[in-house]
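> this is a predicted model, with the sequence first.
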Amino acid sequence: MSFLKTFIIFVDNLNDWMGKILGFLIYPTMFILVYEVIMRYAFNKPTIWAHDTSCMLYGAHFILGGAYALRWGAFVNVEVFYQRFSLRTKAVVDLVTWMLFYAFVGILLWKSVPWAWASVMVQEYSNSPWGPPVWPIKLTIPVAATLVLLQGLTKTIKDFYIAVTGRELFAGVATEVTEDN
């Protein structure tokens, strides 16, 4: 059990760190978009690089932030039913529905790794007028899928622990939880 707690703490901390760092990608994205609007409409001198750059930055922000969102439960449940379930029932329902999660992430990894690797090997560039490299953004997809998979494993371990014991395993410490929580 000690290994599982260590694994959960490591993955939770890794995705917290990644989420906090990635949150700052929104600032250069906003700066680039504001700069483009000012150049386009105030000076009638649009850039050729702003659209590609802002799309790549936001894409990295969005896809790499998925594990952080999963860590903090930011994804949608059918709350009208789910919120009424006991902690143990929620864990059992989550364990059943996680099969879809693992299928999705498995296919994403299976397809994205060779796709991203091929892009890295040829040092792929965009065919836009600016022509920035696209291999770094393509590489974020399997990296993000790996982070989401790791975070999903921690959630599955936590849910399994709750389903079996009725207690919540949080931050490496098992605590008793009442059935009506």
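Sure, I can see it.

> residues near Ile107, how many?
By other Cβ atoms under 10 Å, the residues close to Ile107 number 11. Placement of C-beta: from N, CA and C, glycine included.

> is it true that Ser130 touches Ala50?
One thing to correct before we go on: residue 130 is Trp, not Ser. No - the pair Trp130 and Ala50 fails to qualify as a contact (Cβ atoms under 8 Å) at a distance of 9.0 Å.

> how close does the residue lying closest to Ile8 once chain neighbours are set aside get to Leu108?
Excluding its sequence neighbours, the residue lying closest to Ile8 (Cβ to Cβ, 6 or more residues apart in numbering) is Thr154, at 4.6 Å. Thr154 sits at a distance of 18 Å from Leu108 (criterion: Cβ to Cβ, to the nearest Å).

> those two: who's more crowded?
Thr154 (21 against 17).

> mind listing what that one touches?
If you count contacts by Cβ atoms under 8 Å, 6 or more residues apart in numbering, Thr154 has them with 7-8, 11-12.

> can you tell me the element Gln123 falls in?
When elements are assigned from DSSP states H and E, Gln123 belongs to no helix and no strand.

> show me where this protein has strands.
Along the chain, counting by DSSP state E, strands occupy 168-170, 173-175.

> for the longest helix along the chain, packing partners?
Secondary structure assigned by DSSP state H gives helix 87-121 as the longest helix of the chain. Counting contacts by 3 or more Cβ pairs under 8 Å, 6 or more residues apart in numbering; DSSP states H and E, helix 87-121 packs against helix 135-165.

> any idea how far Leu25 is from Thr53?
Distance from Leu25 to Thr53, counting by Cβ to Cβ: 11 Å.

> can you list the low-confidence ranges for the chain?
1, 77-78, 170-181 (pLDDT under 70).

> now do 50
The chain contains residues with pLDDT under 50 at 171-181.

> residue contacts, the residue most central in space within it?
The C-alpha lying nearest the average C-alpha coordinate of the chain belongs to Gly66 (Cα atoms, centre = their mean; 1.5 Å). Going by Cβ under 8 Å, 6+ apart, Gly66 touches 144, 147-148.

> look up how far Asn13 lies from it.
Gly66 is 17 Å from Asn13, by Cβ to Cβ.

> Thr6 now?
11 Å.

> can you check Pro129 too?
42 Å.

> more neighbours: the two, which one.
A side-by-side neighbour count of Pro129 and Asn13, using other Cβ under 10 Å, places Asn13 first with 12 against 8.

> give me the residues contacting stretch 44-55.
29, 32-33, 35-36, 39-40, 126, 128-130, 132.

> mind saving the C-alpha coords of it as CSV?
Extracted in CSV, the C-alpha atoms of stretch 44-55 (Å, rounded to 0.1, in the frame of the first residue of the first chain):
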residue,chain,number,x,y,z
ASN,A,44,-3.6,48.0,-40.8
LYS,A,45,-0.5,45.8,-40.6
PRO,A,46,-1.6,42.3,-39.6
THR,A,47,1.1,39.7,-38.7
ILE,A,48,1.6,36.4,-40.4
TRP,A,49,2.7,34.7,-37.2
ALA,A,50,0.1,35.6,-34.5
HIS,A,51,-2.6,33.2,-35.5
ASP,A,52,-0.3,30.1,-35.6
THR,A,53,1.5,31.0,-32.4
SER,A,54,-1.6,31.7,-30.4
CYS,A,55,-3.2,28.4,-31.7
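
> since that was my last question, I'll sign off now.
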